[in-house]
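K.L.:
predicted model and sequence follow; I will ask about them next.
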Amino acid sequence: MNLGVCYYPEHWPEADWADDARRMRALGLDLVRIGEFAWSKIEPAPGVYTWSWLDRAIEVLHAEGLGIILCTPTATPPKWLVDLHPEILPWDKHGNPKRFGSRRHYCFSSPAYRRESARITEALARRYGDHPAVVMWQTDNEYGHHGTHESYSPDAARAFRRWLQRRYESIDSLNTAWGTAFWSQDYRSFDEVDPPNATVTESNPSQHLDYQRFSSDEICEFNREQVDILRRYSPGRRIAHNYIGDFTKLDHHAIGASLDIAAWDSYPIGLLSEGDASEADKAHWLHHGHPDFAAFNHDVFRQCSAQWGVMEQQPGPVNWATHNAAPAPGMVRLWTWEAFAHGAEFVSYFRWRQAPFAQEQMHAGLLLPDRQETAVLKEVALVSSERDTIGTPETTLARVAIVLDYPSLWQQEIQPQGRSGSALKLARALYSGCRKLGLDVDIIPQGADMSAYALIILPSVSILDAEMCGRLRDSGASVLAMPLTGSRTCDGHIPENLSPGPYANLLPMQVRVFESLPPYVKIGVNLDGQAFSGSLWRESVTSIAQALAVFENGEPAWLRNERMHYLACWPDEPFLLHVLRRICREEDLEVRDTGRDLRLRRAGNIQFAFNYGSDAIDLACVGAPEKGADYLIGARVMQGAGVAAWRIQLVLPDKME
Amino acid sequence: MNLGVCYYPEHWPEADWADDARRMRALGLDLVRIGEFAWSKIEPAPGVYTWSWLDRAIEVLHAEGLGIILCTPTATPPKWLVDLHPEILPWDKHGNPKRFGSRRHYCFSSPAYRRESARITEALARRYGDHPAVVMWQTDNEYGHHGTHESYSPDAARAFRRWLQRRYESIDSLNTAWGTAFWSQDYRSFDEVDPPNATVTESNPSQHLDYQRFSSDEICEFNREQVDILRRYSPGRRIAHNYIGDFTKLDHHAIGASLDIAAWDSYPIGLLSEGDASEADKAHWLHHGHPDFAAFNHDVFRQCSAQWGVMEQQPGPVNWATHNAAPAPGMVRLWTWEAFAHGAEFVSYFRWRQAPFAQEQMHAGLLLPDRQETAVLKEVALVSSERDTIGTPETTLARVAIVLDYPSLWQQEIQPQGRSGSALKLARALYSGCRKLGLDVDIIPQGADMSAYALIILPSVSILDAEMCGRLRDSGASVLAMPLTGSRTCDGHIPENLSPGPYANLLPMQVRVFESLPPYVKIGVNLDGQAFSGSLWRESVTSIAQALAVFENGEPAWLRNERMHYLACWPDEPFLLHVLRRICREEDLEVRDTGRDLRLRRAGNIQFAFNYGSDAIDLACVGAPEKGADYLIGARVMQGAGVAAWRIQLVLPDKME
Amino acid sequence: MNLGVCYYPEHWPEADWADDARRMRALGLDLVRIGEFAWSKIEPAPGVYTWSWLDRAIEVLHAEGLGIILCTPTATPPKWLVDLHPEILPWDKHGNPKRFGSRRHYCFSSPAYRRESARITEALARRYGDHPAVVMWQTDNEYGHHGTHESYSPDAARAFRRWLQRRYESIDSLNTAWGTAFWSQDYRSFDEVDPPNATVTESNPSQHLDYQRFSSDEICEFNREQVDILRRYSPGRRIAHNYIGDFTKLDHHAIGASLDIAAWDSYPIGLLSEGDASEADKAHWLHHGHPDFAAFNHDVFRQCSAQWGVMEQQPGPVNWATHNAAPAPGMVRLWTWEAFAHGAEFVSYFRWRQAPFAQEQMHAGLLLPDRQETAVLKEVALVSSERDTIGTPETTLARVAIVLDYPSLWQQEIQPQGRSGSALKLARALYSGCRKLGLDVDIIPQGADMSAYALIILPSVSILDAEMCGRLRDSGASVLAMPLTGSRTCDGHIPENLSPGPYANLLPMQVRVFESLPPYVKIGVNLDGQAFSGSLWRESVTSIAQALAVFENGEPAWLRNERMHYLACWPDEPFLLHVLRRICREEDLEVRDTGRDLRLRRAGNIQFAFNYGSDAIDLACVGAPEKGADYLIGARVMQGAGVAAWRIQLVLPDKME
Ligand SMILES: [Zn+2]
Ligand SMILES: [Zn+2]
Ligand SMILES: [Zn+2]
């Protein structure tokens, strides 16, 4: 449980550095991230390196005992580089290059940029790789942000053709995999194939899916090239990347395989502003952030590498959302603890001091532009002292898992069959449902070990592995699958046995019709005489299995076969909670109703509680201890934005002993 | 009354073909459409033809006695052709080529594509033109879909200049016709003229109108070139094109002049999703489609060629709308009968079997991807048996006509004078009004014979022929004109005598002010002390004619001169129905209130009734027979999605005897 | 107080001209604007001039004693010129040229176009500069309309680099001013700098701000080049430009410095349709225009040159708004008097006769296309006779000023920190608040003389001059500053002492947090126990000054230090009116509640009242005279759309004596 901060010495007079370092240390910080966008300061002209300022900055921080997270500066190639090699620019969908002047202006498939990225990474790693202060590396910054996960440049087209050749070997295989018999799209050679952009109407979905895979793979390879260099010159240091939240256009697991730490940049209030919550929810949590949005990302990235952390933690208003409210007092502490409770190795605030110039001048820091302290500094100091009380919690063993599969998400974005739902949105709704019942959740890939879970949820995992279905059965867990699960093969086709594909081996059934409905229409569901509802998605299913709930026309809405469940519509929250409660009861999973603002998270034998609202909450409702002395943090009555933590007796279930 | 289906043998193993053919025949189908997008299968490389598979497919279908509708495959030029002649690609309004990868990626003005289209058409016609199974041809597919009715390529610019030269002969005539004195737009030669795209602000509306005419003419010529070839090599076969519904960017009458059959592709649930109905209506008819949307298109296309048909009939959820609901049980049968009741020669379902790959994999077929039957197959079989009971109905003689003029629609889209109304939307509102009074309607061009009608409605026919006005008068019918009727000359100018131009010869009046209003404002109308309302459009009119209704300021809202009527606003439905009822009473036209869900359609001496709702309807309200035995189809009480038909006594009006 | 009209003789048969001139004179018009878009008629081919028609047109108008406003025709370069020099076209943000076919298709930075503009201006000025009928010139037309205030052409990029070189002299200065240390944006030379378009994500805000300054300067220089030529060849004539309303992308003061008259084109009903009023307000004032929208622009342009006028006054429906309603009877007269009451030198109606062709054929004129009179002609004649009664009113000395600073508006549009508010919108809300209290308002630049005002309002003047703050203090006026005032340096950085920068010298305070909130959230304000509210913007301020109102958390919402005030949120109207009333009471400014529809305007010793509603208003509520004889225009009870005027006793405040 380390605390850190993002720092840009190149923004400030050198005279301030030593005092900055001293104040960081006094605050209890352990880590400082630097160098992120400093390429033009390190190499102001081609081949001309100016290391001295960075040498001195590192020494100053090192002198205070701060560990340094050093970044490769490749997210911001300097102007001279773009002018020398204009072909490194990424191209948009319309076939126009995106220009210099902000950041991320490079195409992952550009051979010229690959060379330059390796060159500057090597120069940096050679110089600082064995510096004792350097404890971690960050590769680049926020891969894929601002739509840069894909590029339609000529270099990208060439790389895509090579990628296809490797994947399919023969053009006939590609024609089959893409179903090019449709609309006369047959190709005679890989040279004929283009990226799927700027077509008259929708392009081939399998081609599009492959372009997503290719684009993610390109990022993966770009990252691995940097990682290989860093490992060579900086042995023993951990390597991280800082992902962005709520963004699944690249496969975090694939990239994470070569990293030590999957970090992400957590801006709860920005996420709420840009997310798909209702207006009422956006108003209610305006200063708190949605209670499940950051946690969802914590649980995503926790599974992507050996360790995980928050590389950038929002400390005040950001500058980039539609509306930019300030966190309520206490929320920065709360967010930090929620991250630690999820097992974060470190939480690093963005940023030390608000820069008074350029694009992010209205983005808050821990210090104001004039170096005055913000109110949030006290919250950071409080966290720092509280962690001494808590100690490092053990790893949590969640009993509920949600399977998040990137190719499935891509497939459904490419061919959504109706504009009002998405697999990611459904995954988040399911996650919120679990959290509202007080459950800890793992968000796992299809390849993960399933043996420890009591409940595994498949939120429209459309490209479902047959092999995974075997492990689902073997796990002994209850499984709850949602509409569109197993609805596609790995090529993006409807499976031969129709949807839900291999899931039908677990629960005998067949989806005959899938409907997408407008949000203003409700789907009636009858469950033992109780009326529930779904929306957006509805399937007509035939099955010999038991129907626990039916639609108004008698077709099954909820099917089960032993521990295997299937919902044939997108469940509205009351229906979802009812289903979850029933399965949990059967699995002996304890359920605690948290209501709108309270959230729980267990970390080893410590139970955390978080109040995402403005009103006080009495924790008696979730069986918390009576006596103040039993609390490591907080007390039974938790004020708005409050945190509480107490020790619990861990009862491991049979299967986990 | 033939039934057909669209079939893509190239999507399936050849081993399935014979069984498919057998099942089609068993179902009662007569026709199979094939070959539509098969260019790359027929000619996989330049000049290399692979006819054998298509030979065999035709033989297999022929062996079951199925008649074949063979398609020219020109909607999908293969990749090798695009690579050979990149200039065939269409260009968008911004001046960028649209690329290969979906369909309709060609510019109608490309000489290279004209050659290729003729070449493949001739090759196909030579080979199968006199095959006994081939009973019909379809040219290309859905002209103009996905915005391909216009292209801004260099080839198009050159063709536009030639078109202008033919139309105007001298550049002075063009300058006058376009009013180029405005904004210094004078041209010195045709070489100086460009397409009207990518301008700083709106381009010259007469130039734009000519570009629409040119674009429609180019499609017409492209189609005629194919037709000429087909007639040469395939004598005696009817030639059709399958238009898209609710789309008037090309002149169906001009194209239809060289065809035998105007077919269209009818997707009632998709039309409702994408159309301009209210949210309440979209919810109410979610699984039924709007009761007037498909019928409107039936009545449009019925007038465009000697015969008409439905080339693609929706059999289940489509894949392309914003939301894609399934038809309620019974609706596919109902839609089929509504088409036959409108005089369709054939109804052909799209498609035989749902393909599990590529862009339309989520588009339903009669069979599921695994060849299982869908529920709709029983409805098709029922229609097939019912048609034996009914026999072929005589042609209907509608007594009400709505004039739909394509250049007028274009003119108003180009220069709408306010964003919330359109001539097409108004025409549809008028059509719905008539249908709600149980009236059969013809939708006719200005050049049509008007002599048989009792009521002729002009929904903002802005470019009104003086000659047509003469025929209106001579028809002896009541005429009801709407705002903007006669508001433009054929060059798109305000007429010398102001709006309504030549209509003022029938009803002496002059429009001095036209206002477009936001949808949230109502216009009060006083009609003999009753309060009605209009919206969106309001005109200030001076006239010596009688005012049957007035606005709040006393200006006329409804003018009449003998049988000639004029409404000076867009009427809200109660006002419209009141006006229609009164005129019908005067013309001795029987009016029957159908309410929201019921619709009637007479076909010769057979009266059809259709229930577009979920609740039962007692047909007593429209004077249907008491006894079940009197019904050819159905009974007096019609369930949701029900169809009924009974014989009636035809009383021809005096003027039609 | 002159009345004029816009006239296009080139649209009409020469036979009509003499009668047109006679009717203009009979109506009481003094001025006729001609030649505006006539380039292709004056110079139909390169170097070929056809003056004769224009000679004759001028003579015909002169013969009736009409004064001519002659326009340079440079807003519409002819097609031959664009074909000769395609590089004169402006380029859009995506890097594509905008094409010929409408108007304003030129880039201000094109050297070729600068030459052509000077050439045609000189030709025109040489020929007519000393013609006795020519009393005024208009340069070009509506600079910046349709997004042409900026261009991203290669010529513009080159000119931008030269402009930067002049501004910064050294590239180091530019790097500092733009804060290029951020995101590795350092430049090594001016040659490396590009316009800020088509970047991956937001470009550098200081660069963007400079591009706005540069773009405005280019227009300024373009205009001055024409002015210099006109002054040389046409001594003694006043020179005007006709700006568009509600458009602040160019600095009217900078351009106005070389002009004699700042004119604008006033279309109140179009402004309301396109403006940010609520739906309820748009419906309420549909036929009247918003009571403050035109007046706001009058007060803007009144300060931009020595004189001001309305070059185009809406006489009926326009053609370009989303919805185009007609003015209520009386409104054209009312608008004309509102302009004269604000000190307009002239009001000129657009246009004499509605042209029945081309882009604006649905835009009304005083005559219909067939030369019939519209109803509005009587209103113009009435104004003409009423002005003889009134005489020319003295200049008004407003006691309230709102500071409108163009670079501040640009800065906030470039970096808005939340999408729902803007400095211009706030300025308009403040202006409306003052008008609702019966106050006359000046809208002034920062450099204006402040000494005469009792209340000066700073609506988010983000780039606040320290020097101006000194003059604010010295003025002795009350000052009311809004959020974001003083929040930026002239380079667009946060000031060293933080927001409100130099205003903190007048009111000791510091803004620590700025929040932007969604429009559906209210901010509670407590003012002496009364509950008020704000919205959209909220600041956390520390100050030793007195808090007159506080937010719910106790932080100051309204601060004062002697006469200096600061609101820390965007005030909802009741809060705003409360604040204004209190300050006015302290300053002895008489406040009269006008309600929704009534507006007052003093001109010298004449008090005008305007009824922007449909219902009658009794002027007793604002202390108007009892007796009809006391009224120069109208009477105590003012009908809808009515105007009244009476003499008042002018009491000059102490400081103005
Ligand atoms: Zn290069
Ligand atoms: Zn070619
Ligand atoms: Zn040139």
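P.N.:
Structure's in. What do you need? All of these numbers come straight from a predicted model, not from anything done at the bench. Ligands and ions are numbered 1, 2, ... in the order given.
K.L.:
which strand or helix spans A:I456?
P.N.:
Using DSSP states H and E, A:I456 sits within strand A:455-458.
K.L.:
strand partners (parallel or antiparallel) of that strand?
P.N.:
Next to strand A:455-458 in the sheet, as set by DSSP bridges, lie strand A:400-403 (parallel), strand A:478-481 (parallel).
K.L.:
for the stretch 251-400 of chain A, just list every one of the helices.
P.N.:
Remark: helices assigned in the stretch 251-400 of chain A by DSSP state H, counting those that start in this stretch are A:252-256, A:268-274, A:279-284, A:293-301, A:331-341, A:376-390.
K.L.:
want to throw those helices into TSV with mean pLDDT, mean neighbour count and distance to ligand 2?
P.N.:
No exception for glycine: its C-beta is placed from N, CA and C like everyone else's. Output for those, formatted as TSV (pLDDT from 0 to 100; neighbours: other Cβ atoms under 10 Å in any protein chain shown; distance: least, Cβ to the ion, whole Å):
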stretch	mean pLDDT	mean neighbour count	distance to ligand 2
helix A:252-256	97	23	43
helix A:268-274	97	24	47
helix A:279-284	98	15	54
helix A:293-301	98	25	50
helix A:331-341	98	27	60
helix A:376-390	96	17	65
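K.L.:
ok, what's across the strand from the closest residue to ligand 2 within the stretch 551-657 of chain A?
P.N.:
The minimum distance from the stretch 551-657 of chain A to ligand 2, using Cβ to the ion, falls at A:W570 (50.0 Å). Legend: beta-bridge partners of A:W570 under DSSP bridges are A:S535.
K.L.:
report pLDDT for it.
P.N.:
For A:W570, the pLDDT comes out at 98.
K.L.:
and the gap between the closest residue to chain C within chain A and ligand 2?
P.N.:
Residue of chain A nearest chain C, by Cβ to the nearest Cβ: A:F357 (2.8 Å). Computed as Cβ to the ion, to the nearest Å, the A:F357 to ligand 2 distance reads 53 Å.
K.L.:
burial of that residue, as a residue count?
P.N.:
Using other Cβ atoms under 10 Å in any protein chain shown, A:F357 is surrounded by 23 other residues.
K.L.:
the residue nearest to it when sequence neighbours are not counted: neighbour count?
P.N.:
Leaving aside its chain neighbours, A:F357 sits nearest to C:G179 (2.8 Å; criterion: Cβ to Cβ, 6 or more residues apart in numbering or on different chains). Number of residues near C:G179 (other Cβ under 10 Å) recorded here: 24.
K.L.:
in chain A, where is pLDDT below threshold?
P.N.:
Within chain A, the segments meeting pLDDT under 70 span A:651-657.
K.L.:
domain map for it?
P.N.:
With domains defined by automatic domain parsing, chain A comprises A:2-161+A:204-390, A:400-587, A:598-656.
K.L.:
those: which one's closest to B:A339?
P.N.:
Nearest to B:A339, of all the domains of chain A, is domain A:400-587, at 23.0 Å by Cβ to Cβ.
K.L.:
quick check: end-to-end length of the closest one?
P.N.:
Domain A:400-587 has its terminal residues 11 Å apart, counting by Cα to Cα, to the nearest Å.
K.L.:
and that domain, how far out from the chain middle?
P.N.:
21 Å (Cα atoms, centre = their mean, to the nearest Å).
K.L.:
the strands in the stretch 1-150 of chain A, which residues?
P.N.:
Assigned by DSSP state E, counting those that start in this stretch, the strands in the stretch 1-150 of chain A fall at A:2-6, A:31-34, A:67-71, A:134-138.
K.L.:
dump the residue contacts of the nearest residue to A:E587 once chain neighbours are set aside.
P.N.:
Excluding the flanking residues, the one nearest A:E587 by Cβ to Cβ, 6+ apart is A:A454, at 4.1 Å. Contacts for A:A454 were tallied using Cβ atoms under 8 Å, 6 or more residues apart in numbering or on different chains; they are A:399-400, A:477-478, A:584, A:587-589, A:653, A:655.
K.L.:
apply 7 Å and report the result again.
P.N.:
For A:A454, the contacting residues are A:399-400, A:477-478, A:587, A:589, A:653, by Cβ atoms under 7 Å, 6 or more residues apart in numbering or on different chains.
K.L.:
derive a ChimeraX selection command for the buried subset of these.
P.N.:
Buried residues among these (16 or more other Cβ atoms under 10 Å in any protein chain shown), as a ChimeraX selection:
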select /A:399,400,477,478,587,589
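K.L.:
sorry, back to before: right, and the strands of the stretch 1-150 of chain A - which one's nearest C:P416?
P.N.:
C:P416 sits nearest to strand A:2-6 of all the strands of the stretch 1-150 of chain A, at 24.5 Å, using Cβ to Cβ.
K.L.:
touching chain C at all, that closest one?
P.N.:
No: using Cβ under 7 Å from any Cβ of the partner chain, strand A:2-6 stays clear of chain C, with a minimum separation of 13.1 Å.
K.L.:
residue contacts, A:E142?
P.N.:
A:E142 makes contacts with A:242-244, A:265, as judged by Cβ under 7 Å, 6+ apart.
K.L.:
ok, back up a step: from B:N505, how far out is the residue nearest to A:F357?
P.N.:
Note on C:G179: its distance to B:N505, by Cβ to Cβ, to the nearest Å, is 72 Å.
K.L.:
for chain B, what are the nearby residues on the stretch 301-450 of chain A?
P.N.:
Contacts of the stretch 301-450 of chain A with chain B, taken as Cβ under 7 Å from any Cβ, map to A:415, A:417-420.
K.L.:
list just the nearest of those to ligand 2.
P.N.:
Taking those together and measuring to ligand 2 by Cβ to the ion, the closest member is A:Q415, at 33.6 Å.
K.L.:
what's the distance between the residue lying closest to the closest one once chain neighbours are set aside and A:F160?
P.N.:
Nearest residue to A:Q415, sequence neighbours excluded (Cβ to Cβ, 6+ apart): A:P205, at 4.5 Å. When distance is defined by Cβ to Cβ, A:P205 is 16 Å away from A:F160.
K.L.:
same thing with A:T322?
P.N.:
Distance from A:T322 to A:F160, by Cβ to Cβ: 34 Å.
K.L.:
higher neighbour count, those two?
P.N.:
The neighbour comparison of A:T322 against A:F160 (other Cβ under 10 Å) goes to A:F160, with 23 against 13.
K.L.:
tell me which element the more buried one falls in.
P.N.:
A:F160 belongs to helix A:154-168 when assigned by DSSP H and E.
K.L.:
quick one: name whatever helix or strand follows that helix.
P.N.:
Downstream of helix A:154-168, the first helix or strand assigned by DSSP H and E is helix A:171-178.
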